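1. just coords:
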């Protein structure tokens with residue numbers, strides 16, 4: 001086995017279907033990817049608990065389309081939120097989780113995380129409402145993908161609030177959320193407010 005890698009047993013011909021943890025970029029720590037392998041996802045939580053206690057812990061984690069349960073993801077998010085070394089990038093895309101993970105996800109957004117991929121996890125209108133109502137006042141996000149969650153107008157309200165509370169936000173992917181026409185006004189108002197706030201802060205700086 002190559003140094004710095006831990007592999008779960010995959011099926012012949014499936015390739016990247018186990019658990020892999022290899023070295024990322026220099027100084028970036030470890031990078032973990034969990035592929036589509038039914039049953040192997042149960043080792044994710046203990047592995048993460050171990051990894052975040054290392055001297056050079058995980059900074060990027062991908063657990064896409066690996067049949068994680070909502071309870072498992074809630075535990076994972078709580079673990080990552082309370083870690084001493086906070087995660088930079090997380091992807092939980094393509095796991096059918098539902099709205100029950102929304103509160104834990106909102107708390108996690110208050111951590112250091114800079115990029116989140118939560119596409120197609122089944123948040124729905126209820127999940128987006130919970131996210132909006134429990135979103136921390138300060139969010140460090142730069143990039144977020146919340147596409148294909150069928151959030152309707154509640155997705156627009158969440159995006160609107162996120163724009164106001166994530167000053168470093170660069171990109172939002174909210175496609176596939178069945179946004180009604182009035183969503184445009186909701187989001188545009190937040191964009192205008194964000195621009196005004198930045199102008200006010202700039203004017204307050206000493207010259």
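-> Yep, it's here. Values in this document were obtained by computation on a predicted structure and should not be read as measured data.

2. quick one: residue 148 from residue 86, how far?
-> 27 Å (Cβ to Cβ, to the nearest Å). Every residue, glycine included, has its C-beta placed from N, CA and C.

3. again, but for residue 92
-> In this view, residue 92 and residue 86 are 16 Å apart by Cβ to Cβ.

4. what segments of this protein are helices?
-> 44-51, 70-81, 102-109, 124-134, 152-165, 183-204 (DSSP state H).

5. using JSON lines, lay out these together with mean neighbour count.
-> What follows is those, written out as JSON lines (neighbours: other Cβ atoms under 10 Å):
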{"stretch": "helix 44-51", "mean neighbour count": "16"}
{"stretch": "helix 70-81", "mean neighbour count": "19"}
{"stretch": "helix 102-109", "mean neighbour count": "22"}
{"stretch": "helix 124-134", "mean neighbour count": "20"}
{"stretch": "helix 152-165", "mean neighbour count": "21"}
{"stretch": "helix 183-204", "mean neighbour count": "12"}
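
6. got those helices as JSON lines, with mean pLDDT and distance to residue 62 columns?
-> Putting the helices of the chain into JSON lines (pLDDT from 0 to 100; distance: least, Cβ to Cβ, whole Å) gives the following:
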{"stretch": "helix 44-51", "mean pLDDT": "71", "distance to residue 62": "11"}
{"stretch": "helix 70-81", "mean pLDDT": "90", "distance to residue 62": "12"}
{"stretch": "helix 102-109", "mean pLDDT": "98", "distance to residue 62": "15"}
{"stretch": "helix 124-134", "mean pLDDT": "98", "distance to residue 62": "21"}
{"stretch": "helix 152-165", "mean pLDDT": "97", "distance to residue 62": "22"}
{"stretch": "helix 183-204", "mean pLDDT": "69", "distance to residue 62": "28"}
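
7. can you say which of those helices is nearest to residue 96?
-> Closest approach to residue 96 among the helices of the chain (Cβ to Cβ): helix 70-81, 8.4 Å.

8. so which elements touch the closest one?
-> If you count contacts as 3 or more Cβ pairs under 8 Å, 6 or more residues apart in numbering; DSSP states H and E, helix 70-81 packs onto helix 44-51, helix 102-109.

9. redo those as TSV? Include distance to residue 135.
-> Formatted as TSV, the helices and strands packed on helix 70-81 follow (distance: least, Cβ to Cβ, whole Å):
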stretch	distance to residue 135
helix 44-51	24
helix 102-109	5
